[in-house]
Structures are given as structure tokens and as C-alpha cells.
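S.K.: model the structure of this input:
(one chain, ligands or ions: 1)
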Amino acid sequence: MRFPAFLVNCKAYPQAVGKNAVRFAKRAERVAKRTGVKIILCVQAADIAHVADNTSLPVFAQHVDVEPGAHTGNIEIESVIASGAKGTLLNHAERQLPFAKLKETIRVCKKMKLPVVLCAATPSAAKKLATLKPSAIAVEPPALIGTGVSVSKAKPSVITNSVSLPLPVLCGAGISYRKDVEIALSLGAQGILVASAVVLGSQEKMLEKLAQGFAK
Ligand code: G3P
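M.R.: I've put the predicted structure just below:
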């Protein structure tokens, strides 16, 4: 993974699922080309292949499982890799896993060379999860997710208390303005995770506005 990174979590928002996922990816690709910002798209598992086939941007899964066998509905790591995923989120606040399961999943992801951005709700959780040595940690206070109130402005200490970890730390939750991005990066974050502000808004315009927050 290259940093600083701008991860967009499409979640299950209809505006970035199915055919809309490809449409969104094209918009993000134009912004990445114009600004030079490293945008990564985290899409629905079933959208990975056709989004990866239609964009030059790295496409990530939103979650992976490592339990081959009789498990209906799993999102197996081999499947997302075969579909063209270049990495995955894991332990997002909306898809948390027990520590032991995270340890095993990250072990297999490393073996299969799939970068993991491991999500944490607090700086203390981030410290514990960093011991699993993912590619990066993404600290996101759940109470701010989807609120439009950014971690940068409402809880900057979540960022400052996490960035001293010995690996890249991203942040997310409520990021909606260029200033939110500028503050996050100035506090030491090596990237951001954003969902509602760009997926539910005027997509290309919002992507551009937040991407400008990366300007040196
Ligand atoms: O993974 C990032 C996401 O949880 C942040 O959500 O809508 O507050 O940007 P949002």
C-alpha cells in the first residue's frame, strides 16, 4: 500500500452498488487522475470483479472470511483475490470480528499477500490490534460514523493518540470537508476513510473537494 491514501468505503449504499459501483469508480478515477491522490475503492464483494475490470484504481473488499467449507454466504479470501481485490478492510465497526478470528484472518491474508486495513474504534483498541501487524490501522469512532461530524474536528485526540503506532494509521468517521482532511493529515494520519459524504453526495464534486485536502 502507498500513503497517504484516500479510502472510500461504498458500504451497501445503493448509489455505489452494482452498476452504480462502476459509475462511482469512473468518477473516482477521474478525480484521482486530476489530483494525483491515491484513491482506493472498498466495494461490495459481488462488485469487486466488474469494478476492478473497469478502473485502474485499487479495489478492496470490505471484509474477508478464512473459513473454507460449509459456510453459506462467506466472503472467502481466495474469492476476493480471484476477483481482483488488491486488499481488504477488516473489523469495520459494522462488521467486527473477535480478536482470535482477526489474528487467524490476518495470518492467512499475509500468507496470500492481501494487504489488510484493520479498523479500530478507539486508540486503545488500535494499540492492541497493531500487534497483529496489518498493513495499516484505520481508527474510526463508531459514534461519529455517518453523522457528518468529523473525527478531525470532534475527536482529534483519537487521531493524535493513535498515530504514534509503529505502522500507518488512517482515520475516518464523519469526514465531509476539505478542512477535515487537512486536519487529519496535519495530526499525523496517513490517510482517511470516507463513505457517506462522497457516496451519498454529489459524488465527483465531493471526491474532488476531499482530495484537495491532500494537497501539500
Ligand atoms: O469506513 C469508513 C466509514 O465507516 C466512515 O463513514 O459515512 O462517516 O464517512 P462516514
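S.K.: which residues in this structure form helices?
M.R.: For the chain, helices defined by DSSP state H occupy the ranges 19-35, 48-52, 77-82, 99-111, 123-130, 151-154, 156-160, 178-186, 196-199, 203-211.
S.K.: for Glu67, find the nearest of those helices.
M.R.: helix 99-111 (8.9 Å; C-beta to C-beta). C-betas here are computed from N, CA, C, even on glycine.
S.K.: how far is stretch 127-140 from where the chain is centred?
M.R.: Centroid separation for stretch 127-140 versus its chain: 13 Å, with C-alpha atoms, centre = their mean, to the nearest Å.
S.K.: go on, stretch 167-179?
M.R.: With C-alpha atoms, centre = their mean, you get 10 Å for stretch 167-179.
S.K.: and if you look at stretch 61-75?
M.R.: On C-alpha atoms, centre = their mean, the centre of stretch 61-75 falls 19 Å from that of its chain.
S.K.: what about that stretch, how long is it end to end?
M.R.: Start-to-end span of stretch 61-75 (C-alpha to C-alpha, to the nearest Å) is 9 Å.
S.K.: wait, does that stretch contact the ligand?
M.R.: No. Using C-beta under 6 Å from any ligand atom, stretch 61-75 stays clear of the ligand, coming no nearer than 8.3 Å.
S.K.: and that stretch, what's buried?
M.R.: 61-66, 74-75 (16 or more other C-beta atoms under 10 Å).
S.K.: quick one: contacts of that stretch?
M.R.: 9-11, 42-45, 48, 76-78, 80, 85, 87-90, 92, 95, 104-105, 108-109, 114 (C-beta atoms under 8 Å, 6 or more residues apart in numbering).
S.K.: residues from the protein in reach of the ligand?
M.R.: Residues of the chain lying near the ligand (C-beta under 6 Å from any ligand atom): 9, 92, 140, 145-146, 172-175, 193-197.
S.K.: and these as CSV, adding neighbour count and pLDDT?
M.R.: CSV is the format used below for those (neighbours: other C-beta atoms under 10 Å; pLDDT from 0 to 100):
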residue, neighbour count, pLDDT
Asn9, 27, 98
His92, 24, 98
Glu140, 27, 98
Ile145, 21, 98
Gly146, 15, 98
Gly172, 27, 98
Ala173, 29, 98
Gly174, 25, 98
Ile175, 30, 98
Leu193, 26, 98
Val194, 23, 98
Ala195, 24, 98
Ser196, 19, 98
Ala197, 21, 98
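S.K.: let me know the outermost residue of the chain.
M.R.: Ala70 (28.6 Å; C-alpha atoms, centre = their mean).
S.K.: now do the contacts for the residue nearest to Val181 when sequence neighbours are not counted.
M.R.: Distances taken as C-beta to C-beta, 6 or more residues apart in numbering place Gly213 nearest to Val181, at 2.6 Å, with adjacent residues excluded. Neighbouring residues of Gly213 by C-beta under 8 Å, 6+ apart: 178-182, 184-185, 192.
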